[in-house]
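Novice: here is the input, now give the coordinates:
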Amino acid sequence: MIMKKINILFLTICILGVFSCKNELDLQPLDRITTDTFYKTRSDFDGAIFASYSSIQDFWGTSTETLSERGEFWKISMVITDDVAADNIQADGISQDIDNLQIRSSDVPYAAIYTQIYEGILRANLVLDNLEGDNDLTAEDKTVLDAEAKFLRAWFHFQALKLFGTPPLVTEVLKDINNLAQPNATQDALFTAILSDLTTAAAGLPEEWDSGNTGRATSWAAKSYIGKVNVWKKDWPSAISAFEEVVTTGPYMLMPEFASNFNYDEENNMESIFEIQFGGPFSDDNIWVFDDTHSENFKASQGIARGNYWEPGNGAPGGKNGQWIPTQDLVDAFEPGDVRAEFTYYKDGDTYYVWANGATQSLPYDPAWSSNGMSLKKYGGEHNAVGGNHSPNEQADFNNERWFRFAELKLLYAEALIEGGGDLGIAKDQIDDVRVRANLLPLPLGADLKEAMIQEKRVELALEPHRWFDITRWGIGADVFGSAWDDKYNVFPFPLSEIDRSDGVLTQNSGY
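Specialist: Just a heads-up that it's a prediction; the model follows:
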């Protein structure tokens, strides 16, 4: 996560191992910062923490130098679902294969995300490894930085667990170049480690940061994630307890208008629990190096290629790719009068807004711009078709990625109450709050609350990175995809390159 108010060159730290040379010389480059000289001041440690956040940005990165990534996380969190399809004219081959549930361990998305997750874990571990060294930190500094690094380490491990099921658990910096491969961890061990780190984070992080550090994880974010992780663990009492505290005494609220959550000029609002920060307005204007795995120096001011992939192509103004489109199934999931629909997708009859040729353009949406006559809209629209949200070449956006919103937490709270035998009246209230904000009536008495919760999660969080993980967690893959479903899809394959590199230490998931 990159702080919008901080203009800092991120440090990329790599452990290269220790090699002995025949001439026994130990030469250090005179123009490089090393770990021995870097971890001294609070500013140094903040920079190292930001490097871990930046690995999250890389989930959507575009690079021609490493694995040839092109927005890979969108493919395995959105395109693979029943909400989004690969446009059969404009989408790349991997998107089209994933849309058809063709999942291969050799494909780029799994290697790209695995790499970014464990890069982020390494960077968090490096901070923890150096906290007790020779530095200028105060005791308070150490408490906060320890908590923040553990929040990030927990966050990355949680994503790995959701994606791969039994990924490695790495809680220290691995320094033996000949012994870097790590085995699969059990889910019990992963949950224990993740919740332990989040508990430390909840105790040590501030409740809020000053305006110069907007977007950094807070104690309330850690408490929210304790609830969410316990939902995945199916520890309903613990989830209920965590969510109850956040809902009753935390700082969050539903924004009065649903669209406020995706407007460039309303970032980091009162509904945002954890938001991935993107830069601006000083972009280096190079869409190909959003990620810091590229050889060009990584800059905190870089943005995200969301518009380049999402906004319509095929002759639409702005010259975007339009690779992914909403499915008719998603469109049909919205009830009549649900205001969320108009902010989620474009259709015939809508006004299309785009920043093109240095100005905001508005014109009737043309169904010919998409193979099914519709396009993705969330994070788009009039509020976002402005110069401040775009790089000079108009290919990059600076609008943050809203990862965890209070609306999702309320629906998770409802789920925990329903599954855990809690107060169903409170569960209904959580669902109704989300519905009423969307201009829908509260649920009738006697409604099936679990089905209502599943429905609300789908339409409220459409085009956000949750639907696939709900499908697999709820075990409804066969209901959603029919005969195309295979239970092996409940977890993704470990990247074939990692399996080969581990020399048998890491075991592939069954069926891949």
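
Novice: need the pLDDT of residue 176.
Specialist: Predicted confidence (pLDDT) for residue 176: 88.

Novice: can you confirm it is in a strand?
Specialist: No: membership of residue 176 in a strand is not supported by DSSP: H, G, I helix; E, B strand; the rest coil, which gives coil.

Novice: in contact with residue 136, which residues?
Specialist: Residue 136 makes contact with 40, 41, 42, according to Cβ atoms under 8 Å, 6 or more residues apart in numbering. For every residue, glycine as well, the C-beta is placed using N, CA and C.

Novice: host element of the nearest residue to the second one once chain neighbours are set aside?
Specialist: Computed as Cβ to Cβ, 6 or more residues apart in numbering, the closest residue to residue 41 that is not its neighbour in sequence is residue 136, at 5.2 Å. Using DSSP states H and E, residue 136 maps to neither a helix nor a strand.

Novice: gap between residue 136 and residue 125?
Specialist: 21 Å (Cβ to Cβ, to the nearest Å).

Novice: repeat that for residue 204.
Specialist: 17 Å.

Novice: what's the answer for residue 214, then?
Specialist: Going from residue 214 to residue 125 by Cβ to Cβ gives 25 Å.

Novice: please apply the same query to residue 235.
Specialist: Look at residue 235 and residue 125: by Cβ to Cβ, they are 26 Å apart.

Novice: what about the two, which has more around it?
Specialist: residue 125 (22 against 18; other Cβ atoms under 10 Å).

Novice: and that one, what pLDDT?
Specialist: 98.

Novice: tell me which element it is part of?
Specialist: helix 108-130.

Novice: same check on residue 85?
Specialist: strand 84-86.

Novice: tell me what that strand is packed against?
Specialist: With contacts taken as 3 or more Cβ pairs under 8 Å, 6 or more residues apart in numbering; DSSP states H and E, strand 84-86 sits against helix 93-99, strand 324-326.

Novice: please identify the most buried of those.
Specialist: Ranked by mean neighbour count, the helices and strands packed on strand 84-86 are led by strand 324-326 with a mean of 26 (mean count of other Cβ atoms under 10 Å).

Novice: mean confidence for that strand?
Specialist: 98.

Novice: list the buried ones in the helix or strand that that strand is followed by?
Specialist: The helix or strand immediately downstream of strand 324-326 is helix 328-333, counting by DSSP H and E. For helix 328-333, the neighbour count (16 or more other Cβ atoms under 10 Å) marks 330, 331, 333 as buried.

Novice: show me how far the helix of greatest length in the chain is from its chain's centre.
Specialist: The residue-count maximum for a helix in the chain (DSSP state H) belongs to helix 139-164. The chain centre lies 15 Å from the centre of helix 139-164; the measure is Cα atoms, centre = their mean, to the nearest Å.

Novice: gap between residue 505 and residue 209?
Specialist: 40 Å.

Novice: given the helix or strand containing residue 404, what are its sheet partners and their directions?
Specialist: Counting by DSSP H and E, the element that carries residue 404 is strand 401-405. Next to strand 401-405 in the sheet, as set by DSSP bridges, lie strand 272-276 (antiparallel).

Novice: in space, what's closest to residue 214 - neighbours in sequence excluded?
Specialist: residue 268 (5.3 Å).

Novice: okay, now the one you found: neighbour count?
Specialist: For residue 268, using other Cβ under 10 Å, the count is 14.

Novice: okay, now the unreliable bits of the stretch 351-500 of the chain?
Specialist: Within the stretch 351-500 of the chain, no range satisfies pLDDT under 70.

Novice: picking up where we left off before, so how far is the strand holding residue 404 off the chain centroid?
Specialist: 7 Å.

Novice: extract the C-alpha trace of that strand and format it as PDB.
Specialist: Provided in PDB are the C-alpha atoms of strand 401-405 (Å, rounded to 0.1, in the frame of the first residue of the first chain):
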ATOM      1  CA  GLU A 401      -8.400  -0.300  -4.900                       C
ATOM      2  CA  ARG A 402     -11.000  -0.700  -2.200                       C
ATOM      3  CA  TRP A 403     -10.100  -4.100  -0.800                       C
ATOM      4  CA  PHE A 404     -12.100  -4.400   2.400                       C
ATOM      5  CA  ARG A 405     -15.200  -2.200   3.000                       C
END
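
Novice: buried ones in that strand?
Specialist: 401, 402, 403, 404, 405.

Novice: between the residues you listed, which is nearest residue 431?
Specialist: Proximity of the buried residues of strand 401-405 to residue 431 (Cβ to Cβ) peaks at residue 405, which lies at 15.0 Å.

Novice: which residue packs closest to that closest one, ignoring adjacent ones?
Specialist: Spatial nearest neighbour of residue 405, chain neighbours left out: residue 271 (5.1 Å); criterion: Cβ to Cβ, 6+ apart.

Novice: quick one, helices of the stretch 301-450 of the chain?
Specialist: 306-310, 328-333, 406-419, 424-437, 449-460 (DSSP state H, counting those that start in this stretch).

Novice: nearest residue to the middle of the chain?
Specialist: Closest residue to the average C-alpha location of the chain: residue 403 at 5.3 Å, with Cα atoms, centre = their mean.

Novice: bridging residues for the residue nearest to that one when sequence neighbours are not counted?
Specialist: Distances taken as Cβ to Cβ, 6+ apart place residue 274 nearest to residue 403, at 4.9 Å, with adjacent residues excluded. On the basis of DSSP bridges, residue 274 is bridged to residue 404.

Novice: residue 274 contacts residue 404, correct?
Specialist: Yes: counting by Cβ atoms under 8 Å, residue 274 does reach residue 404; the two are 4.1 Å apart.

Novice: and for these two, which residues touch both?
Specialist: Common neighbours of residue 274 and residue 404 (Cβ under 8 Å, 6+ apart) are 221, 224, 225.

Novice: pipe these into JSON lines and attach pLDDT and neighbour count per row.
Specialist: Output for those, formatted as JSON lines (pLDDT from 0 to 100; neighbours: other Cβ atoms under 10 Å):
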{"residue": "221", "pLDDT": "98", "neighbour count": "25"}
{"residue": "224", "pLDDT": "98", "neighbour count": "27"}
{"residue": "225", "pLDDT": "99", "neighbour count": "26"}
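
Novice: between those, which is closest to residue 254?
Specialist: Looking across these and measuring by Cβ to Cβ, the closest to residue 254 is residue 224, at 14.4 Å.

Novice: all strands of the chain, in order?
Specialist: 84-86, 272-276, 324-326, 345-346, 351-356, 359-364, 375-376, 401-405 (DSSP state E).

Novice: can you put these in TSV and add distance to residue 153?
Specialist: Putting these into TSV (distance: least, Cβ to Cβ, whole Å) gives the following:
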stretch	distance to residue 153
strand 84-86	30
strand 272-276	15
strand 324-326	31
strand 345-346	36
strand 351-356	38
strand 359-364	42
strand 375-376	32
strand 401-405	16
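
Novice: one step back: out of the buried residues of strand 401-405, which is nearest to residue 179?
Specialist: Nearest member of these to residue 179, counting by Cβ to Cβ, is residue 403, at 33.9 Å.

Novice: contacting residues for the closest one?
Specialist: Counting by Cβ under 8 Å, 6+ apart, residue 403 has contacts 274, 275, 276, 464, 465.

Novice: quick check: the residue nearest to residue 405 vs residue 395, distance?
Specialist: In terms of Cβ to Cβ, residue 271 sits 28 Å off from residue 395.
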